[in-house]
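Undergrad: got a structure for you, letters missing:
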């Protein structure tokens, strides 16, 4: 085994973010189990109709057992959200869901399987050390939250496999890589908009339904998925890959019905977040009303615990700015660069990060040009 591989097995990190990952997956499992229960209530037991079990027919549950398993899956997902027997609940809910998928392949869907598998793998992380209702005010200290986190690599690998398999499958399909599949989807989209009374400008409809546009977007989607499969692993490209992934799945959510898949991938990105807390220092001038308001918002919505926020009454005098961010490497940023640093680690503003980073770079170059003799 390589030294890097053994280091992955030995590493111990703060488990805070894994508790957040568990809660989010628990919500998705709860929604998926609720849908299955609703289908059972409306349509009845799948075993009474045509079905294709993957497991031997003798292992397919009866009507009553099936209803009980669905109820257990739902309750276990709720326990995972609340932090009651967290890891066991997450493992029980995901394992039950995987077993039920094996009982009828007609209910199988890639996004359902991916959710269950990622939840199953997350149960092997120390995801029970934060966001626990059982502890209440007795939250674990940062030292007590530290634990082996090698299992997060399994979740990361599964995310990469999803993107890689999807890209290679599309690349091997001449209709997909040629754009025919997307061309049909675009036509359906325009038909749906027309049925809802939405009028699309003629020039835009012509572009949207043109063969070159479908071909270009098909090749772009394949390239993007290949980049995500690899770029998420590289520290230099990870932030940009995460940003592209957020926008990619936002586009999918708007243009296709993929159940919970987009939400699953956004949630799974938490496995790529550096599992350390409060490593960035955010200083604000308390005399600025805007800075104080931003501080309140940041403290309430900083769910990833990225920033250690402090007030500094001398900040404007010493740094010439009402906000200063010191990153992990110890470099201080002010002005637009500070805002870009905040957006890069603050989920509600993450989509704006590249724009703020470009503005910071542009301003820095202007200042250098002005200072040059």
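TA: That came through fine. Computed from a prediction, not measured in an experiment: that's the story for all the values here.

Undergrad: For the protein, which segments count as strands?
TA: Applying DSSP state E to the chain gives strands spanning 12-14, 146-148, 280-284, 307-311, 323-326, 332-334.

Undergrad: Serialize the ones you listed to TSV and add fields for mean pLDDT, mean neighbour count and distance to residue 130.
TA: (Each C-beta comes from the backbone N, C-alpha and C, glycine too.) Listed next are those as TSV, based on pLDDT from 0 to 100; neighbours: other Cβ atoms under 10 Å; distance: least, Cβ to Cβ, whole Å:
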stretch	mean pLDDT	mean neighbour count	distance to residue 130
strand 12-14	85	18	9
strand 146-148	87	17	11
strand 280-284	89	23	19
strand 307-311	87	16	17
strand 323-326	90	22	24
strand 332-334	88	18	28
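
Undergrad: Nearest to residue 235 among the ones you listed would be which one?
TA: Closest approach to residue 235 among the strands of the chain (Cβ to Cβ): strand 12-14, 15.0 Å.

Undergrad: for the closest one, the distance to its chain's centre please.
TA: 20 Å (Cα atoms, centre = their mean, to the nearest Å).

Undergrad: Kindly report the same for stretch 290-306.
TA: Centre-to-centre, stretch 290-306 and its host chain are 21 Å apart (Cα atoms, centre = their mean).

Undergrad: repeat for stretch 13-30
TA: 11 Å.

Undergrad: Adding distance to residue 294, write the strands of the chain out as CSV.
TA: Shown next, in CSV, are the strands of the chain (distance: least, Cβ to Cβ, whole Å):
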stretch, distance to residue 294
strand 12-14, 25
strand 146-148, 31
strand 280-284, 7
strand 307-311, 10
strand 323-326, 8
strand 332-334, 14
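
Undergrad: what about those strands, which gets the closest to residue 68?
TA: Proximity to residue 68 (Cβ to Cβ) singles out strand 146-148 among the strands of the chain, at 33.6 Å.

Undergrad: what's that closest one packed up against?
TA: Helices and strands touching strand 146-148, by 3 or more Cβ pairs under 8 Å, 6 or more residues apart in numbering; DSSP states H and E, are strand 12-14.

Undergrad: strands paired with the strand it packs on, and their directions?
TA: According to DSSP bridges, strand 12-14 forms sheet pairs with strand 146-148 (antiparallel).

Undergrad: Residue 86 contacts residue 126, correct?
TA: No: in this structure, residue 86 is not within contact of residue 126 by Cβ atoms under 8 Å, at 9.7 Å.

Undergrad: Looking at these two now, which is surrounded by more residues?
TA: For the pair residue 86 and residue 126, the greater number of neighbours falls to residue 86 (27 against 24), based on other Cβ atoms under 10 Å.

Undergrad: Find the nearest non-adjacent residue to that one, please.
TA: Nearest residue to residue 86 in three dimensions, chain neighbours excluded: residue 128, at 3.8 Å (Cβ to Cβ, 6 or more residues apart in numbering).

Undergrad: Test my guess that that neighbour contacts residue 84.
TA: No: Residue 128 lies out of contact with residue 84 (Cβ under 8 Å); the separation is 9.8 Å.

Undergrad: okay, those two: which has more neighbours?
TA: Legend: neighbour count by other Cβ under 10 Å for residue 128 and residue 84, higher for residue 128 (25 against 15).

Undergrad: Tell me the pLDDT of the more buried one.
TA: We have a pLDDT of 89 for residue 128.

Undergrad: Dihedrals phi and psi, it?
TA: phi -100, psi 10 (degrees, to the nearest 10).

Undergrad: residue contacts, it?
TA: By Cβ atoms under 8 Å, 6 or more residues apart in numbering, the contact list for residue 128 reads 19, 22, 83, 86, 87.

Undergrad: what number of residues lie near residue 82?
TA: Counted with other Cβ under 10 Å, the neighbours of residue 82 add up to 16.

Undergrad: any idea how far residue 30 is from the spatially closest residue to it that is not a sequence neighbour?
TA: Leaving aside its sequence neighbours, residue 82 sits nearest to residue 133 (Cβ to Cβ, 6+ apart; 4.3 Å). Distance, residue 133 to residue 30, by Cβ to Cβ, to the nearest Å: 15 Å.

Undergrad: For these two, indicate the residue with more neighbours.
TA: Taking other Cβ under 10 Å, residue 133 and residue 30 do not tie; residue 30 has more neighbours (19 against 11).

Undergrad: what residues are up against that one?
TA: Residue 30 makes contact with 74, 77, 78, 81, according to Cβ under 8 Å, 6+ apart.

Undergrad: quick one: which of those is most hemmed in?
TA: residue 77 (28 neighbours).

Undergrad: which one of the contacts of residue 30 sits closest to residue 225?
TA: Closest approach between those and residue 225, by Cβ to Cβ: residue 77, at 28.7 Å.

Undergrad: these two touch, right, the closest one and residue 93?
TA: Yes: the pair formed by residue 77 and residue 93 meets the contact definition of Cβ under 8 Å, at 4.5 Å.

Undergrad: list residues touching both of these two?
TA: 26, 29, 33.

Undergrad: who's in contact with the second one?
TA: Under the criterion of Cβ under 8 Å, 6+ apart, the contact partners of residue 29 comprise 73, 76, 77, 80, 90, 93, 94, 97, 115, 116, 119.

Undergrad: In the residues you listed, which residue is surrounded by the most others?
TA: When neighbours are counted by other Cβ under 10 Å, residue 80 leads these with 33 neighbours.

Undergrad: these two touch, right, that residue and residue 19?
TA: No: judged on Cβ under 8 Å, residue 80 makes no contact with residue 19 at a distance of 10.3 Å.

Undergrad: so what sits against both of these two?
TA: In contact with both residue 80 and residue 19: residue 86, using Cβ under 8 Å, 6+ apart.

Undergrad: For the residue positioned nearest the centre of the chain, which residues are in contact?
TA: When Cα atoms, centre = their mean is applied to the chain, the residue found nearest the centroid is residue 266 (1.8 Å). Residue 266 makes contact with 245, 246, 249, according to Cβ under 8 Å, 6+ apart.

Undergrad: Brilliant, that's me finished.
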